[in-house]
Each structure stands twice: as structure tokens, then as C-alpha cells.
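Participant: Sharing a model that was predicted from the sequence below.
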Amino acid sequence: MRSASGRARVRGRFAVVVVWALAASAFLFLAWRGWRESSAPPRRPDVVLVVIDTLRADRLSCYGYPRATSPFIDSLARRGALFEDVTCQFSWTRPSMVSLLEGRYLTAYRDALEPSVPTLAEVFHGAGYRTVGLVANGLLSPTAGFARGFDHYDSHNSSEATQVYSDFLRDLGELSADLWGPLDAALAVDAEGRRPPLFLYLHVMDVHDPYDPYPEFDASLPVAQTAPVAPEGWQAATFGAKHADAKDVDVELAELRDERGRYDQGIRHTDAELERVFARLGELGVLEHTVIALAADHGEGLWEHVAPNSDAELAQFAPKEFFYQRHGASQFQEVLATPLIVLGPGVPSGRRVAEPVENVDLFPTLMELCDLAPPAGLHGRSLLARLELSRASEAHRDFVFSYGVHGNSVREIATGLKLIVPRGRALVVGQEFQLFDLRADPDERNDLAHARPADVKRLMGAFRAWEKRYPTSANLGEATRQRLKAEQGDLLKGLGYTALDVGDDE
């Protein structure tokens, strides 16, 4: 018979064996799970990219606008991540979309995609995605390279005039009607009974000038009740300084305020139409495992600043021309500050990111969300580290940059200082450097350039270093340029563009 001490030793050895067995089992389980995770197929969610042309961030409810312009877009923001401070890389559509779809800055004027640079659609297509692009802006034509990488790409203009919007461009109702056939084809299963993932790009134009009336929103968004240009009275005082004998200024400024209200209604109309499109996408199963990104190519000037013309020209202008409306010739925040909302697998819900980001960051962000290797040469950086609080990451950037037809800009994150560097026609009419402190002066009324030359010099140095670090080539040659102008000259005129806005004097 064993002694009590012998039985204790046996029990002790048994306990040790059990502990080692449990530890070994746990180790094997963790190793197996790690192998499973490492060998699991990469994420390949569907991707829906919506670009709302000419949409400025500060007119969306989810960005703090007090009017209810965007209830559906607000709901997307609540389900995902909203980036509060976004800068577009160019202030009119074609160059801006070259930058966004290539994930690269523009440090030279370019309004056609570079043949040697892979586009967002080409990367998705190469990864086995079916790619569909429906674009209401006819300027984004195959001639300029925008169809590259798409199985189906449609940027044709409206064949007949509509009562709402313009004679040239399809509104969102027309655009979605043209979507469902190609989308059905893209959603068909392959020979093995599987549906490849989808990349869908929708480019919406309903917010763009001309600002059409939408009487169905007159009760909820009366045009006359939109906010005046800030500070109130600035327009009248500024115009009066150049036109001492001006008459009926208050009447004309009230008309501009109504136009600003129609811009709000255009956003609300777009929001409602997008909700209908997304409801249909949900019925088709597209939204079951899907990354959604909503962005804009640029914002819009709504008569908040004086037009970039000579003093002699300004002296002859009525208020509607004296103050700048549109976008291509501006580097002010109403044109550069755009929305960016991302949601879906891998994106935490209800997140708001205050750190400044840029449109070039969208390309690498979509790559990471889909477990795709980004192509070499991207200038942007994935934003996922900004969304995951547990992931340590270096500061995203010290400056944000934008290029323009008649001016470029650099903004310093630490100080809030923004420098506008004149170029092109702006130099011809005598414009100089402009420096603004956006923290103290968000409306960009007080030019500090002459008072703070050291800051101008420092920011100009940062701008030159950026140009040197990210050299990009200029537009493709005169033959392509003339072909684009011949193809789309009527469309440019129909949209109200002049050489001032689109760089025809380049």
C-alpha cells in the first residue's frame, strides 16, 4: 500500500501532466487558428464608389450644416466613418478625377489619365472584379482615358432635354435607369456558379450648376431661408467699394441668396435619389458584403469671394459676376473642402476623424479594405489606421495640397495657415500670394500675406518640396488636347465653363 506522501506525489505529477496537456492544446489551437486566418482567402467585398460632382462638405447636415439637406447620406455616415477635414486635389472635375482614380497628386496640369499609370478600376479588374462605371459627367469620356479598366463604362450625355437639370447631362434618375441592365450582367454567376465581386462607380451631377428648382422641397428647404454669405453685409460692402453708384444691389444679392438655396435643394434631391438607388442595390444583394465610399471631386463657390478678374473687369460686373460662382478658378475652402464617408466590412461604425486627409487617400484605403496590394507609385496613404484606435500610426501628414487652374494651395496642419500661390491668368491680372489663418478666419477674409512674409516663405518652401517629391507629367500632347476640346466644347459651354475655370489657356 502506498503511503500518503506517495499518493500526493502521484497526484502532483498527474496535475503537472494535465497542465502541460492543456497548455499544449491551447498552443495547438492558437497555432491552428493563426494558420486558418493566415491561409483564409483575402477579403473581396463588393465596392460601391459614389462621387457627387460639385458637392461641398459644409452644406451636408452630417458636416454640421443646420439645414436638413442630407438625411440619407447622414445615415451612411452613422454606419461608417466620416472624415471631417478632406481636401480635393484639383478644383475642377477632369483633373480632380485623374488624381482620385490614379491615387496621385497633380503637380502639373493634367486632364486625361496617364497611359502608364494604373487606375482604380484597372486594379480591381485585374483582381477579378467585374467593373461597372455610370457617369453623368460627359467630360469624363473614354477619349480622356476614364473608361480604362471597366467592363462597362457609360458617360454619354442625355439624348433629350429634361424639365429638371440641363440639356446635356443625365440626372440621377436617368443615370440609375441606365444602370440596371449592365449591373444585372455584372451580377451573373460564372461557369463555376460563383459571382465575382463587383466594383461599381457612380458619378452624379445633380448638384452641379445650373441649380435647378425642386419645388417638392420648398416647404422643408425654402430657398429664401438659406444662410447669407458670412459675415452678413460683407457682399454689399465689398461690391459698394468698387461701385459707388450701384443700384438695386440688395435685390440682386437676394437673388443670389435664392440661388444658394437652390443649391441646397439640389443636395436634398440627390440625397433622395441616392436612397432609391441604394434600396434597389440592396434588393439585388449588392449591399450584403460591401464597402461604400462617398466622395466629391470638388466643392462649389456660391458667391463668397470676389471673382479672380482684373479691377477693370470687376468695375463693369453686376453682383452675379463680381462674386465668384463655380469652382475651377478658386482655391478657397468652399471649393477645396469635400466630404468623404466610408463604410462596410473593416470600417468601424460611428467614427468621425478630425485629422486632415486628402482625396488621394481613397485609392489605398479601398485597396486595404479589399486585401489588394496597392500599385507602386500611389501618393496617398490608407486611412484605416486613422479608424482603428488600437493601431499605432505616425502622423498622417504635416500639410495638405491642392493644384488649380489659376492657383495652387498648401495648408499647414499644425498652425492652420493656408497659402494660395497664384499661377496662370491670376498672375496676368496681378494677383499676389494670399495667406489665411483658417482657425481665426475660416471664411478667408483677412489676407495676412504682407503682414507675415516669413510664413509665406516657409509655406512656399513646403509647396516647392511637395512639387519636387511628387513630380507628375503634364497633359498628353496637343493632339489629345484638341481632340478633347472638339469633343466636349459644347458641353463645357453648356455647363457655364470658360477658360477662366478649366485652363484652356494652359
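Facilitator: Looks like it came in fine.
Participant: Counting neighbours, what do you get for N475?
Facilitator: 20 (other C-beta atoms under 10 Å). The way it works is simple: take the backbone N, C-alpha and C, and place the C-beta from them, glycine included.
Participant: ugh, wrong one, I meant G424
Facilitator: 21.
Participant: Got phi/psi on it?
Facilitator: Main-chain torsions, G424, degrees, to the nearest 10: phi 60, psi -130.
Participant: OK, contacts around the closest residue in space to it that isn't next to it in sequence?
Facilitator: Nearest residue to G424, sequence neighbours excluded (C-beta to C-beta, 6 or more residues apart in numbering): H406, at 4.2 Å. When contacts are counted by C-beta atoms under 8 Å, 6 or more residues apart in numbering, H406 touches 308, 329, 422-426, 431, 500, 503.
Participant: What's the first helix or strand after the worst-scoring helix or strand of the chain on mean pLDDT?
Facilitator: Counting by mean pLDDT, DSSP states H and E, the chain has its least confident helix or strand at helix 4-39, which shows a mean of 49. Going down the chain from helix 4-39, the next helix or strand is strand 46-52, by DSSP states H and E.
Participant: Name the strands paired with that next one and say parallel or antiparallel.
Facilitator: Strand pairing for strand 46-52, using DSSP bridges, gives strand 198-204 (parallel), strand 290-295 (parallel).
Participant: Alpha carbons of that strand, as CSV, please.
Facilitator: Output in CSV follows, covering the C-alpha atoms of strand 46-52 (Å, rounded to 0.1, in the frame of the first residue of the first chain):
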residue,chain,number,x,y,z
ASP,A,46,-18.2,44.4,-53.4
VAL,A,47,-17.2,48.1,-53.7
VAL,A,48,-19.6,51.0,-54.5
LEU,A,49,-17.9,54.3,-55.1
VAL,A,50,-20.2,57.3,-55.4
VAL,A,51,-18.8,60.6,-56.5
ILE,A,52,-21.1,63.6,-56.2
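Participant: got a list of contacts for that strand?
Facilitator: So strand 46-52 is contacted by 97, 100, 120, 124, 129, 197-204, 207, 270, 274, 281, 286-287, 289-297, 339, 366, 369-370 (C-beta under 8 Å, 6+ apart).
Participant: Buried deepest among the strands paired with strand 46-52, which one?
Facilitator: strand 198-204 (a mean of 24; mean count of other C-beta atoms under 10 Å).
Participant: Would you mind pulling the contact partners of that one?
Facilitator: 46-53, 97, 120-121, 124-125, 129-137, 140, 150, 172, 175, 179, 183, 186-187, 270, 273-274, 277, 286.
Participant: Which residues are in contact with the residue nearest to A121 when sequence neighbours are not counted?
Facilitator: Ranked by C-beta to C-beta, 6+ apart and with sequence neighbours excluded, the top spatial neighbour of A121 is G149, at 3.1 Å. Taking C-beta under 8 Å, 6+ apart, we find G149 in contact with 119-126, 131.
Participant: In strands, which of those residues appear?
Facilitator: T131 (DSSP state E).
Participant: And the buried ones among the contacts of G149, selectable in PyMOL?
Facilitator: The following PyMOL command selects only the buried members of the contacts of G149, with burial defined by 16 or more other C-beta atoms under 10 Å:
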select buried, resi 119+120+121+122+123+124+125+131
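Participant: nearest to V400, of the contacts of G149?
Facilitator: L120 (20.7 Å; C-beta to C-beta).
Participant: And what about the residue lying closest to that closest one once chain neighbours are set aside, helix, strand or coil?
Facilitator: In this structure, L120 finds its nearest non-sequential neighbour in L101, 5.0 Å apart by C-beta to C-beta, 6+ apart. In three-state terms, and counting by DSSP: H, G, I helix; E, B strand; the rest coil, L101 is helix.
Participant: Tally up the residues packed near L101, please.
Facilitator: By other C-beta under 10 Å, neighbour count at L101 equals 26.
Participant: could we number from 846 for the rest of this?
Facilitator: Got it, the first residue is 846 from now on, which makes the last one we talked about L946.
Participant: Look at it and report its pLDDT.
Facilitator: With respect to pLDDT, L946 scores 98.
Participant: Distance of it relative to V1301?
Facilitator: 33 Å (C-beta to C-beta, to the nearest Å).
Participant: could the contacts of H1251 be laid out in JSON lines, adding secondary structure and distance to A1230?
Facilitator: As requested, the contacts of H1251 are exported to JSON lines (DSSP: H, G, I helix; E, B strand; the rest coil; distance: C-beta to C-beta, whole Å):
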{"residue": "P1153", "secondary structure": "coil", "distance to A1230": "38"}
{"residue": "A1174", "secondary structure": "coil", "distance to A1230": "35"}
{"residue": "P1267", "secondary structure": "strand", "distance to A1230": "36"}
{"residue": "R1268", "secondary structure": "coil", "distance to A1230": "34"}
{"residue": "G1269", "secondary structure": "coil", "distance to A1230": "37"}
{"residue": "R1270", "secondary structure": "helix", "distance to A1230": "40"}
{"residue": "A1271", "secondary structure": "helix", "distance to A1230": "37"}
{"residue": "Q1276", "secondary structure": "coil", "distance to A1230": "39"}
{"residue": "L1345", "secondary structure": "helix", "distance to A1230": "40"}
{"residue": "G1348", "secondary structure": "coil", "distance to A1230": "35"}
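Participant: now, the most widely separated pair of those?
Facilitator: Q1276 and G1348 (15.7 Å).
Participant: Surely D1116 and S920 touch.
Facilitator: No: contact criterion C-beta atoms under 8 Å: D1116 and S920 do not qualify, at 9.7 Å.
Participant: Tell me where the stretch 1196-1345 of the chain is predicted with low confidence.
Facilitator: Low-confidence segments of the stretch 1196-1345 of the chain (pLDDT under 70): 1234-1240, 1321-1345.
Participant: Just the strands from it, written as ranges.
Facilitator: With DSSP state E, counting those that start in this stretch as the criterion, the stretch 1196-1345 of the chain has strands at 1196-1198, 1202-1203, 1244-1247, 1252-1257, 1262-1267, 1279-1282.
Participant: Would you reformat the ones you listed as JSON lines and include mean neighbour count and distance to T938?
Facilitator: Formatted as JSON lines, the strands of the stretch 1196-1345 of the chain follow (neighbours: other C-beta atoms under 10 Å; distance: least, C-beta to C-beta, whole Å):
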{"stretch": "strand 1196-1198", "mean neighbour count": "15", "distance to T938": "25"}
{"stretch": "strand 1202-1203", "mean neighbour count": "26", "distance to T938": "17"}
{"stretch": "strand 1244-1247", "mean neighbour count": "23", "distance to T938": "14"}
{"stretch": "strand 1252-1257", "mean neighbour count": "23", "distance to T938": "17"}
{"stretch": "strand 1262-1267", "mean neighbour count": "23", "distance to T938": "21"}
{"stretch": "strand 1279-1282", "mean neighbour count": "20", "distance to T938": "24"}
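Participant: Make CSV from the ones you listed and add distance to G1222 to it.
Facilitator: As requested, the strands of the stretch 1196-1345 of the chain are exported to CSV (distance: least, C-beta to C-beta, whole Å):
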stretch, distance to G1222
strand 1196-1198, 25
strand 1202-1203, 16
strand 1244-1247, 17
strand 1252-1257, 21
strand 1262-1267, 25
strand 1279-1282, 32
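Participant: wait, which of these is closest to E1233?
Facilitator: strand 1196-1198 (9.3 Å).
Participant: For the closest one, which helices and strands make contact with it?
Facilitator: strand 926-928, helix 1229-1232 (3 or more C-beta pairs under 8 Å, 6 or more residues apart in numbering; DSSP states H and E).
Participant: Do a quick rundown of the helices in the stretch 1046-1195 of the chain.
Facilitator: 1079-1087, 1094-1128, 1156-1159, 1164-1167, 1178-1181 (DSSP state H, counting those that start in this stretch).
Participant: Deepest in the core, which of these is it.
Facilitator: helix 1178-1181 (a mean of 25).
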